[in-house]
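*Asks:* A predicted structure for the sequence below; I have some questions about it.
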Amino acid sequence: MTGSAAWVVEGRARLLTYVRRRIRKPEQAEDIVQEAIMRVIEQEGKQVIEQPLAYAFRVADSVIHGRARRPAPDTGPVDVDLACALPLADEVLDYRQRFGRFQTALAALPPQRRAVFVERHLEGKSRSQIAEEMNISVEAVKKHLVRAMIDLAGCIDDLPVRLGGIVAHD
């Protein structure tokens, strides 16, 4: 593997994570990383770069700042009659996939933990109400909630706060 290929393979994921944390629109991270890598590879053809990955991080910052300075594209006036408030098809598909993963992970929870989570976050009951109904302590309810959140945290990246039209409560 050549020098360029080696650092790209080894550092691309780190660079992507770095960029995602620095921008407001994570969906642009891939484009920024791609542009940064291309600039570094082009520069490597002109001169020796001792630390190409470190240089790539600097270039990524430059790309991010350059994009921020660009004026927003003028899309012109929007015809209000043509605007649709419904989400795009890919957003609906993404939501359905994430919600499916959530449902699978929720079903995999131990029964009491799942029941506590559902009562609290989907039914909106207080911890004390749940404790009284299930004949357990409030501390046990808290532990079930914490463990449920840990178990569910890895199932999806960014589950919306609304679940099936019901607002999740903290």
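*Replies:* Cool, the structure landed.

*Asks:* L15 is in what secondary structure piece?
*Replies:* Counting by DSSP states H and E, the element that carries L15 is helix 3-22.

*Asks:* Give the buried residues for the helix or strand where L145 lies.
*Replies:* Here L145, judged by DSSP H and E, is contained in helix 138-153. By neighbour count on 16 or more other Cβ atoms under 10 Å, the buried set for helix 138-153 is 140-141, 144-145, 148, 151-152. C-betas here are computed from N, CA, C, even on glycine.

*Asks:* what separates that helix from the chain centre, distance-wise?
*Replies:* With Cα atoms, centre = their mean, to the nearest Å as the basis, the distance from the averaged C-alpha position of helix 138-153 to the chain average is 22 Å.

*Asks:* That helix packs against which elements?
*Replies:* Judged by 3 or more Cβ pairs under 8 Å, 6 or more residues apart in numbering; DSSP states H and E, helix 138-153 is in contact with helix 89-108, helix 111-117, helix 127-134.

*Asks:* Give me the buried positions along the last one.
*Replies:* Counting neighbours by 16+ other Cβ under 10 Å, one finds that the buried residues in helix 127-134 are 127, 130-131.
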